[in-house]
Each structure stands twice: as C-alpha cells, then as structure tokens.
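Visitor: Sequence first, predicted coordinates after that:
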Amino acid sequence: MAAAEGATKLERGKAWLRDFLARWTGTRTFIITSAVVFLALVLLDGLHVIAALVSFAVVAGVAATRLMAVGETTPIRIGRDEEGGLSVLGAGGTALALLNRLPDPLIVLDVSGRVVFANGASEPLIGKETAGRHVATVLRSAPLIGAIDGVTSDGQVRSIEYSVPAPVQRNYSVYVAPVADEVASAQKFILVLLRDVTEARRVEAMRADFVAFASHELKTPLSSISGFIDTLRGHAKDDPEARDKFLAIMADQATRMRRLIEDLLSLSRIELREHVRPSDAVDLHGVADDIADGLSPLAEQYGVEIGVTAPASLPKVLGDREELAQIVQNLMDNALRYGRSGKRIEVSLSPAEKGGKPFVRLAVRDFGPGIAKEHIPRLTERFYRVDASASRARGGTGLGLAIVKHIVNRHQGTLSIESELGQGSSFSVLLPVAPSAALQK
Ligand code: ADP
C-alpha cells in the first residue's frame, strides 16, 4: 500500500516536472516571440521604446505567473493543435487576446507559407478565416511573397514596403522575421507584421509638393529680377526711360516675393499653433469694420461698395484677434480682387448654432464671376488657383484660403464656400462664441 502510494507520488512528481519543463520552454518561446513583436513595433516606429519595454515587462510577468501556476498544464506557445490543425496559439486566451489586440496586422505563417494565425487587425486586409490558406492567396504582392520566401530560405529578417491599390491606396511597412518554436524545435514560423504608413507617406508627399511649389513661386520673380539687373547693367545702362520701367517691374516682383514669404511664414506659424486653443473674447464686428475701413481706398479705386452688417447683440467669439483679422482680410481681399466686377461686397455677421452650441457666422459675399463647382473643394489647398495667371496678376500667392482654413481649424470652426457662375461667391465661417459672452446672453 505504502509502496503503491510512493509510486503514485513519484509519478505525480515526474508529471509535474514534465509539465514544468514543457511550460518553461513554451513560456520561453512566448517571451521570445513577444520580444520580437515589440522590437518590430519599436523598429517600425509603432511604439515608443519605453512603452515597448513596459509592455514587454507586463507580458513577461504574465507569462512567468502562468509558468508558476500550479495545475496549469498548457504551455504558451505558437504551434499546431493536437489534430494537426492550424491556427493554434498556446495557453488559451492570454496570448491570443494579446496578439488580437495589437492595432497592426500580424500574420504567422508556417515554413510552407500557410497561415497559422492572423490577428483581428489583419482581417480588413486579408479577410476572415484565412488559417490554412497559402499566403500568396491572401496577400497578392510579388515583393512581399519574395521577402517571405527569402526569410524562409536564409532566416534573415527583412523590411519592405507594400501597397494595396484598391479600394483606396494604402501603404504598409512590412517586417518579416523567422520565429523558432522551442517546444517542437523542428517547427519554424514566419512572423509578418504590417504597419499602416499611408498617412505618413501622404504627409511626406504633401511636404515635397509644397516645397516644390514654394520654390517655383519664388524662382519666377527672382529670375525676372536677375534678368532685369543684367539688362540694366548692359544695354539699358544709359537709357533712363527703360531703367525706370525695369525698376518698376523689379519693385513689383520684389513685392510679390515679399508677399509670398509673409504668407509662407504666416502659414507655418498657424500650423505650429494649430493645437493650442485660442482663449480671447473677440468682437468680430469691430474686426470686420476695421478691415473694411482699411480696404476702402482700394474699394473706391475699383468702384466697389463694401457693406458690413451685424445685430447689436452679436456675442464675442472665442479666438485670437490677429488671426481672425487675417480671415476677414483674406476673404474681403479676394472678394475685392476677384469679384470687383459685381461692384458690391456684403459682409454679414449673425448668431448661429451648431451641434447645440452657440456660434457666430461671418459671411463675405461678392457678386462677381463666381467659381465653377469642380474647383470649390480644392480652393483651400495650398497654391491651388482657378486661374494662376489671373491670381498672380492680382497679387495672389495661392495661399490665402489655405491660411483661412488653418485658422478656422485652430478655432474649431467651419468654412463653407458657395458659388454660382455669373452670380458671385459666398464664403462663410462659423466661429464658436466665447464662454463669457454666451453667459451674458
Ligand atoms: P490667391 O492668392 O490666388 O487669391 P487664395 O487661396 O486666396 O489664393 O484663393 C485661391 C483661388 O480661389 C484664387 O486663385 C481664385 O481663383 C479663387 N477665388 C478665391 N476667392 C474668390 C472669389 N471671391 N471669387 C472668385 N474666385 C475666388
């Protein structure tokens, strides 16, 4: 009896040791895999190194706790289930839930290229129930399949760019790495981690376009000025009439460059402050009156009448006075330059509401030639002009409405443009009412 009991104890002890060893190797695999995933996230700029270290410490801690847990028999590991099926990721929920929670698509393949596991974030990219399918049937990209084949054959980590053209182009930075399963040492897996870099690429392209446009805009007046300097040094040296004419053109070009530089600086200043909410209470009616007064000599010269209307009880808006003045200035300036044939500009201020909150509406309406529908959505893009030479001839930089849009964004307002060819245009801005002004009402 005692001998039988001793044998059972021995058996139990052996089983515990076997189990512990199995769990230890499994845990080790899990910790190594997690380390690779977090390292990949850090390398792909998806996670700050500190956040990665803390997350890894938590994951390793959880794994170690499971290792020590008495009676726990399933090791955490990537592998195939007992029936030889695919899509197994060890110790039940923890590992699976963890990988499923990653914001980026993560796919684990076996060495034959079949999907062993695909997390939740990869579904929009490769679809549901992909376990067991060959990667080439779910990710149709020759360079990506090439990278996976490369990793399978030489075991070297690879990083490539992958883009999905439809329905909307998306760019991914892909990290492909080999992972060994240390429980079943013959089993090897390929980790494919994708990171969506579409937005980053779009911003990069926009910056490059912006620099190209800005340099082009500056280069044109600069080469004109250089050309006239050469002429004045050369054959026009002793021709006072030509000299006066050329100097006037050079002064115009210099003004154009100065305006462009001022607008560029203004745009970058506004961009820098775009996330800082303005806090002053501004009398928008007063601002509109001041700008209208400042533009009156030009309006008179063009034979245009500017009328500003507002109810006496108009509340103040929450904003930055200088920036709000820039909005009114740019909109009135445009109305005057492009819509002067209409002979009349109406600037109206009125109380409004949006989402149950009080706003003030500023509308600048002209009765000029109007803008064709297809141009309206693009007017606030930097350097977008309906007619580039007409804009330049009127001293335009192509940045006025981009500046307006950024200021409106900073003020958490909205900008809307309505126009009909032959009838004129109306630019309306909604700005939030200052809290104290809302209380006074
Ligand atoms: P610009 O410096 O060229 O005026 P903006 O960003 O202020 O740049 O305006 C972009 C383009 O929108 C202008 O080039 C012009 O074609 C068009 N536009 C702006 N305001 C008006 C308006 N009131 N009437 C007609 N076209 C306008």
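Guide: It's in.

Visitor: Give me every residue in the stretch 1-150 of the chain lying close to the ligand.
Guide: Counting by C-beta under 6 Å from any ligand atom, the stretch 1-150 of the chain comes close to the ligand at no residue. Glycine gets a C-beta too; all of them are placed from N, C-alpha and C.

Visitor: tell me the strands in the stretch 1-150 of the chain, going along the chain?
Guide: Assigned by DSSP state E, counting those that start in this stretch, the strands in the stretch 1-150 of the chain fall at 78-79, 88-89, 106-110, 115-118.

Visitor: go on, the stretch 251-400 of the chain?
Guide: Ranges of strands in the stretch 251-400 of the chain, per DSSP E, counting those that start in this stretch, are 280-282, 305-309, 317-319, 344-354, 357-366.

Visitor: Of those strands, flag the one that's most buried.
Guide: Of the strands of the stretch 251-400 of the chain, the one with the most neighbours on average (mean count of other C-beta atoms under 10 Å) is strand 317-319, at a mean of 27.

Visitor: In terms of secondary structure, what does it contact?
Guide: In terms of contacts (3 or more C-beta pairs under 8 Å, 6 or more residues apart in numbering; DSSP states H and E), strand 317-319 is packed against strand 280-282, strand 424-432.

Visitor: can you put the strands of the stretch 251-400 of the chain in JSON lines and add mean pLDDT?
Guide: Listed next are the strands of the stretch 251-400 of the chain as JSON lines, based on pLDDT from 0 to 100:
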{"stretch": "strand 280-282", "mean pLDDT": "96"}
{"stretch": "strand 305-309", "mean pLDDT": "97"}
{"stretch": "strand 317-319", "mean pLDDT": "96"}
{"stretch": "strand 344-354", "mean pLDDT": "97"}
{"stretch": "strand 357-366", "mean pLDDT": "97"}
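
Visitor: Figure out which of those is closest to the ligand.
Guide: Proximity to the ligand (C-beta to the nearest ligand atom) singles out strand 357-366 among these, at 5.0 Å.

Visitor: List of residues touching that closest one?
Guide: 284, 288, 314-315, 317, 327-328, 331-332, 334-336, 338-340, 342, 344-353, 413, 424-433, 438, 441 (C-beta atoms under 8 Å, 6 or more residues apart in numbering).

Visitor: if you compare the helices and strands packed on strand 317-319, which one is most tucked away?
Guide: Taking mean count of other C-beta under 10 Å, strand 424-432 is the most buried of those, at a mean of 22.

Visitor: strands paired with that strand, and their directions?
Guide: strand 357-366 (antiparallel), strand 414-420 (antiparallel) (DSSP bridges).

Visitor: Lowest-scoring secondary structure element of this protein by mean pLDDT?
Guide: In the chain, no helix or strand scores lower on mean pLDDT, DSSP states H and E than strand 88-89, which sits at a mean of 47.

Visitor: Between the two ends of stretch 128-148, how far is it?
Guide: End-to-end distance of stretch 128-148 (C-alpha to C-alpha, to the nearest Å): 21 Å.

Visitor: tell me the helices in the stretch 101-250 of the chain, going along the chain?
Guide: 123-126, 135-138, 142-154, 198-233, 240-273 (DSSP state H, counting those that start in this stretch).

Visitor: show me what contacts the residue in the stretch 101-250 of the chain that the ligand sits nearest to?
Guide: For the stretch 101-250 of the chain and the ligand, the shortest gap (C-beta to the nearest ligand atom) falls at residue 217, measuring 10.3 Å. Residue 217 makes contact with 260, 383, 397, 398, according to C-beta under 8 Å, 6+ apart.

Visitor: pLDDT score assigned to it?
Guide: Reading off the confidence values, residue 217 has pLDDT 90.

Visitor: before we move on, back to that, hey, least reliable of the strands of the stretch 1-150 of the chain by pLDDT?
Guide: Averaging pLDDT over each of those puts strand 88-89 lowest, since it has a mean of 47.

Visitor: roughly how far apart are the closest residue to the ligand within the stretch 151-300 of the chain and residue 348?
Guide: Per C-beta to the nearest ligand atom, residue 263 is where the stretch 151-300 of the chain lies closest to the ligand, at 7.8 Å. Taking C-beta to C-beta, to the nearest Å as the measure, residue 263 falls 26 Å from residue 348.

Visitor: quick one on the thing from earlier: mind checking which of the helices and strands packed on strand 317-319 is nearest residue 235?
Guide: Nearest to residue 235, of all the helices and strands packed on strand 317-319, is strand 424-432, at 46.3 Å by C-beta to C-beta.

Visitor: still on that earlier bit, same list (the strands of the stretch 251-400 of the chain) but as a markdown table, adding distance to residue 60.
Guide: Output for those, formatted as a markdown table (distance: least, C-beta to C-beta, whole Å):
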| stretch | distance to residue 60 |
| --- | --- |
| strand 280-282 | 51 |
| strand 305-309 | 67 |
| strand 317-319 | 48 |
| strand 344-354 | 50 |
| strand 357-366 | 48 |
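
Visitor: circling back to that earlier point, next, work out how far apart the spatially closest residue to the residue of the stretch 151-300 of the chain closest to the ligand that is not a sequence neighbour and residue 383 are.
Guide: Leaving aside its sequence neighbours, residue 263 sits nearest to residue 399 (C-beta to C-beta, 6 or more residues apart in numbering; 4.1 Å). Residue 399 sits 7 Å away from residue 383, going by C-beta to C-beta.

Visitor: before we move on, what about residue 352?
Guide: 31 Å.
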